[in-house]
Every structure is written in C-alpha cells, then in structure tokens.
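In: curious how this folds, go ahead:
(one chain, ligands or ions: 2)
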Amino acid sequence: MTAPPDPSRNPPAVSRQTEQVFHGLGVSPGVAIGVAHLHDSGNVTVQEYSIAADRLECERVRFADAVARASRQVSLLQRRARSLPGSSGEELSYLLDAYQQMLKNSRLVRGVDRRISEEKINAEAAVQREIDQIVQGFAAMDDAYLAARIEDIRDVGRRLVRNLTKTHFEPFAQLPKNAVILAEELTPADTALLDPTKVAGFATVLGGTASHTAIMARSLGLPAIVGMTGLSNRASEGVPAVIDGTEGKVILNPTDETLVFYRSKRAEFLKRRRQLHRLRKIPAITLDGATISLQANLELSAEIDGVLAAGAAGVGLLRSEFLYMNRQDLPSEDEQYGELLKLVQRLDGRTLTIRTLDAGGDKMPQALGFGEGPNPALGLRAIRLSLKHPEILETQLAAILRVGVHGPVRILLPMVSSVEELQAVRDAMGQVVRRLKRRHVPIATPLPPIGTMIEVPGAALAADALARHSDFFAIGTNDLTQYTLAIDRADESVAHLYNPLHPAVLRLIQFSAEAALRARIPVSVCGEIAGDPRYTALLLGLGIRELSMAAANIPQVKQRIRTLDLVAATRRVRVIMDQPDSRRIAQLLDDFNADCVPLSDGE
Ligand code: PEP
Ligand code: MG
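Out: Ligands and ions are numbered 1, 2, ... in the order given. Here you go, the predicted structure:
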C-alpha cells in the first residue's frame, strides 16, 4: 500500500476544505479518525462582582500578575516556535509576537486596569468587558485583516482570565464523539480527564516523548502526538481529522483517498493488537528457559481492567498522583484506603506496588497549593516533598499499611537520592505503625517491603549503599535519562537528544542492577523503555528479570522475550557496554533484534 499524498510540510492556515498535514513526534501509536476539538476554544465563564475601594489596588496587582504570567507563557511558546523548521515556525512567531504586544502596555492592558479602578469591578470581568468592546470596534471596521485578529484578541483574553481565576480548565465536558483533541498543551491532569470512549486521540504543540502526558496517552491506548508544528489555533473546530500516532502526523480535512488509507491502517493496527492479545495467558519465557516477570504501570484506577486483560503478573508501579489530581483538597486516609482496596481486590493476590506521591515537575497537584519553584525538575518534589510535609506521607503510609491486610502490597519511594531519605521514611512508618496499633486498626503483617526508585544519577552511583537499606529497586529510566543527560523529558525542543541508549545511562542502569543482584534484592525497570521491545534484549542482558510497563505493551514485550536467547543477548550486551557511542550501540542492538526468529502469526 502506498502512503497518501503529503501536501506540505509547511502548511498555510487551515481552510475548511483543503487537506492539510502537520508533523510532530508520535508518542502513542495507532490511528484515530474523528472530528477536531480545539482545547483552547472553550469560552471561559466570567463572574462579575464589585470590588471595595480599599481592595482596588490589590485587584490591579492581581491583574498585573496575570499579565506577567501570560507574558511568560507566551515567551515560552515563542522560544519553541523559533526552533520550528520552515515557514510554520515563522508564521507562529508572528502570531505570538502580536500576542506579546497585546500583553505590553497596550490598549487592552491599560483599558482593563482603568476599568478596575473606575468601574470598581473584578479583574476577570474587566478583561471581559474590554475585550468585548475592542472586538465590537474591530467588527465594525469591515477589514478582513482586523477581523482575523479578533480571534487572537479573544485568545489573549481567555489566557488572562484563566490565569486570574486559576480555575482548572475543563474543556472536555461537551466533546463530540470521536473527538480528536488539538491543544497547545495538555497537562497530565487534563489527560486524566479524557474519556477514551469519547476521545479518539490528541495532538499538542508542547510536550516531550517521555512527558507524563505521553505516558498517560500510551496507558489509555490513545493515539497521540506532541511537538506539532504550526497547528496552534489555526485549525477549525469540528473539521474531520486523522491522527497517526505511529508516524507523528495530523491530517485535517482528509481527502477520500486519505481516509481509505487510514481506515485500512487502523484496521491493521487493531488486528495486530488482537493477535498479540492472544499471548496473555502464555508465560514470558526466553528460548533458553529464563522466566521474566511482566508487570503493569498504572496511572489511573480505571486502567485496572486493561492490566488484568493483558495478563500482567502484578502492578510494578502505581503512580499514586491520580489520587491528588483535579481536586482542591488532599485525599484522606480513608479515601486512599478505599481506592487502594478496590485495586488490591481486583488484583486478587497479585502484588500492588504503590509509589508514594511523586508530585512535582510536570505534575504538581493544585491541592498541594505549592508553587513550582525556579526549577521544578530539581525542586521540592517527590520524596523530598513528602518528607517536608510528613502529614502527606503519613496519611499515605497509613492507607497502604491498612490495605496490606487484604493482599500483597509494596511501597515504592520516588526520586530517592540518599540513604537518609530511606531512614526518614522508615522512621515515619514506625510512627504510623505505632499509631494504628494504638487504635487497634489491623495492618499488614509482615510490614510491606519498602523499595527505592533509582532515577537520580547520584542514587545509581550510590546503589550499593541504597541497596543495603532497600527491600527492592525499581529503575526509573525516564527520569534517570532526563537527569543524566540534563534533557527535560517534557520539552519537545530537546526531545531529539533524549536518548536512553546513551552509554552514561546504560552504565547507571548496569551499576544499579548489579548492586541489587549483589544485595540479593529484586530489581525491575519501570521506565518507558521497559515497554518497548526494542530494549528488551538489552535490559535482560543487563541482568533485569522484572519489567513494568503500560499494560497495552505487555503482549509485544512478551512476544519479544519468547524469541530471545538470553545467553546470546547477554553476550551482545557485553559488546554494547564497551561502546563509547550511542549510535553504534543502537546499531548493535537493532542488528541483534533483526536477527531474532519471528513467532508465527497468532502466537
Ligand atoms: C521514571 O522516571 O522512569 C518513572 C517510572 O517514573 P515517572 O515516569 O512517573 O517519573
Ligand atoms: Mg520518575
């Protein structure tokens, strides 16, 4: 079958009729066919209220803060637009320059400020009134260029109101069926709100391949693309749209020929998925008889059906952040216990590995009410945040200890960088145990094992010491790659440099795995490479026998394991670990993978 025509890599603004193709990074495979829904197109409802004379100055400051924040957001987009290739980047830059002008000392900003003082109303309402007046003036001028600017002005107004209200933007309430969501950005919290029965797939301008949004897309089985060039707010709501998450393409207004091509591609993708699904009850054993434990990563409790359907041996990583997302308060001990209990019961004797709250970076729940700090990836996050706010950690530990009565659970600590952190958690657990016992609340006996995520280079280098204080290791290659190479995993502009095959990353994985094996504690890999069959031989050759991944990937990794000779893989990895160059490493790995015997259809 031939690929459909690719009209342009640098498309002009989208009309309702012409087919347009946009390119980005495919982060979750598959084909979505549906109608475009623009994430930023929802109208923001603004409440109007009066402001007392002595509060007017505060209100003006609040507005100035919202403008400054909007300007920072647009600067970020401008930087990214400049790195886009061809005229799409240029076109986007012009648009964003205009946004930036509107946020300077413009008529809009001056007008809103004046309305707050003179009309004594809240800033959101002042923005709304000023925008309405400007738009009315433009519309009366009968000038095509100015008419086209109306949407830009409204867009700036929506951004200001969102910054002012700090309300979570929930645009997914009235989605068309088979919605193809086109957005500037989707946060992991937004992605958690997507209903896979309504949403066919999504594409965003911002975001990297290892961002949590991309991970969620893979978990939900939604075809997805990030780093979309030139799309921005140039598409129209409701136009037919196709997402090819494998190739990283969005096609708006596809021709009949294109639709035929993608319907057939989607059917092939789904057929292959069904074939792989038949592997769910077959064990993951290499050709030379080594059994590998394949577990699932879980980001939302709703995914548990998929975990069971994929034949996972257990949950190797429950990202507990879902308990804290899209709400204004913190979950109580009872609430957490209730949620975890449902999972433990469904797992029916399989182990549930619960990671304590990994807040920070690209996933800071609103309920915590903390700012991001100057460098969120290196700031007060994950286990550091839990130790700084012991009430958060202790509530979570109490819920886990209680749920451990009903089935096997393990506790996993994110972003550990020192033995002291492990000791502090063990002390906190001791206190929680004493408190629960005093209240005669039943808790797990023996106490659940406490494991360490190895995802900070310093932790990998100190793996020997950490192994002595840990009951198990889980190597988080997503963050380990990010921190080792100093590449923001959520930034599409450096996504091409994000490379788990870099020799430094591989040495840290090897070092950690060997430390765990020496200390005789279990060690798994739960980063995204665990779910990609390209890396299976490499990880097994490094001594890993437990992999945890998006449930949907288990069958394809199992298939790879069943075609793999562990002795040969170990020999190849020895050669790979002597290479100084990631390109050569990739070649040696890909050649090894290409030589494997494919399984017959259906196995
Ligand atoms: C990792 O960093 O590899 C990991 C599994 O944790 P997360 O992706 O949730 O940061
Ligand atoms: Mg991590």
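In: give the burial count for Ala214, as a bare number.
Out: By the criterion of other C-beta atoms under 10 Å, Ala214 has 28 neighbours. C-beta: built from backbone N, CA, C; applies to glycine.
In: how deep is Thr204 tucked in, by neighbour count?
Out: The number of residues packed near Thr204 is 27, by other C-beta under 10 Å.
In: hey, what's it bridged with?
Out: Ala183 (DSSP bridges).
In: so Asp488 makes contact with Leu497?
Out: No - if you go by C-beta atoms under 8 Å, Asp488 and Leu497 don't touch, sitting 9.9 Å apart.
In: would you mind measuring from Asp590 to Ile576?
Out: 11 Å (C-beta to C-beta, to the nearest Å).
In: quick one: Arg434 is in a helix?
Out: Yes - counting by DSSP: H, G, I helix; E, B strand; the rest coil, Arg434 falls inside a helix.
In: and it, what pLDDT?
Out: pLDDT for Arg434: 98.
In: check Asp6 too.
Out: At Asp6, pLDDT is 39.
In: enumerate the residues of this structure near ligand 2.
Out: Glu455, Gly476, Asp479 (C-beta under 5 Å from the ion).
In: hmm, Ala552 and Asp532 touching each other?
Out: No - at 11.9 Å, Asp532 does not count as touching Ala552 under the criterion of C-beta under 8 Å.
In: tell me which of the two has more neighbours.
Out: For Asp532 versus Ala552, neighbours defined as other C-beta under 10 Å are more numerous around Ala552 (24 against 17).
In: which residues are in contact with that one?
Out: Contact analysis of Ala552 by C-beta atoms under 8 Å, 6 or more residues apart in numbering lists Arg218, Ser219, Gly221, Arg273, Gly306, Ala310.
In: look at Asp590 and Ile576 and report which has more neighbours.
Out: A direct count of neighbours by other C-beta under 10 Å for Asp590 and Ile576 places Ile576 higher, at 23 against 11.
In: so what's the more buried one up against?
Out: So Ile576 contacts Leu506, Leu538, Gly541, Ile585, Leu588, Leu589 (C-beta under 8 Å, 6+ apart).
In: from those residues, which single one is nearest ligand 2?
Out: Leu506 (17.8 Å; C-beta to the ion).
In: next, format the residues of the chain next to ligand 2 as a markdown table and append secondary structure.
Out: Below are the residues of the chain next to ligand 2 laid out as a markdown table (three-state DSSP):
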| residue | secondary structure |
| --- | --- |
| Glu455 | coil |
| Gly476 | coil |
| Asp479 | helix |
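In: quick one: which of these is nearest Thr204?
Out: For the residues of the chain next to ligand 2, the minimum distance to Thr204 (C-beta to C-beta) is 20.9 Å, reached by Asp479.
In: is it true that the closest one touches Val456?
Out: Yes - with contact defined as C-beta under 8 Å, Asp479 reaches Val456; the gap is 7.1 Å.
In: touching both of those two, which residues are there?
Out: What both Asp479 and Val456 touch, as defined by C-beta under 8 Å, 6+ apart, is the set Met415.
In: what about Arg154, how many residues nearby?
Out: Neighbourhood size, Arg154 [other C-beta under 10 Å]: 18.
In: returning to that earlier point: redo the contacts of Ile576 as a markdown table? Include secondary structure and pLDDT.
Out: A markdown table is the format used below for the contacts of Ile576 (DSSP: H, G, I helix; E, B strand; the rest coil; pLDDT from 0 to 100):
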| residue | secondary structure | pLDDT |
| --- | --- | --- |
| Leu506 | helix | 98 |
| Leu538 | helix | 98 |
| Gly541 | helix | 98 |
| Ile585 | helix | 97 |
| Leu588 | helix | 97 |
| Leu589 | helix | 97 |
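In: closest to ligand 1 out of those residues?
Out: The nearest member of those to ligand 1, counting by C-beta to the nearest ligand atom, is Leu506 at 14.6 Å.
In: mind listing what the residue nearest to the closest one when sequence neighbours are not counted touches?
Out: Distances taken as C-beta to C-beta, 6 or more residues apart in numbering place Met577 nearest to Leu506, at 6.5 Å, with adjacent residues excluded. Contact analysis of Met577 by C-beta under 8 Å, 6+ apart lists Pro503, Leu506, Arg507, Gln510.
In: next one: Val575
Out: So Val575 contacts Leu588 (C-beta under 8 Å, 6+ apart).
In: how many neighbours does the residue of the stretch 101-250 of the chain found nearest ligand 2 have?
Out: In the stretch 101-250 of the chain, the residue that lies nearest ligand 2 is His212 (8.9 Å; C-beta to the ion). Residues near His212, counting by other C-beta under 10 Å, number 23.
In: would you list the phi and psi of it?
Out: phi -70, psi -30 (degrees, to the nearest 10).
In: and it, how close does it get to Gly306?
Out: Distance from His212 to Gly306, by C-beta to C-beta: 18 Å.
In: all strands of the stretch 501-603 of the chain, in order?
Out: Per DSSP state E, counting those that start in this stretch, the stretch 501-603 of the chain carries strands over the ranges 523-525, 546-550.
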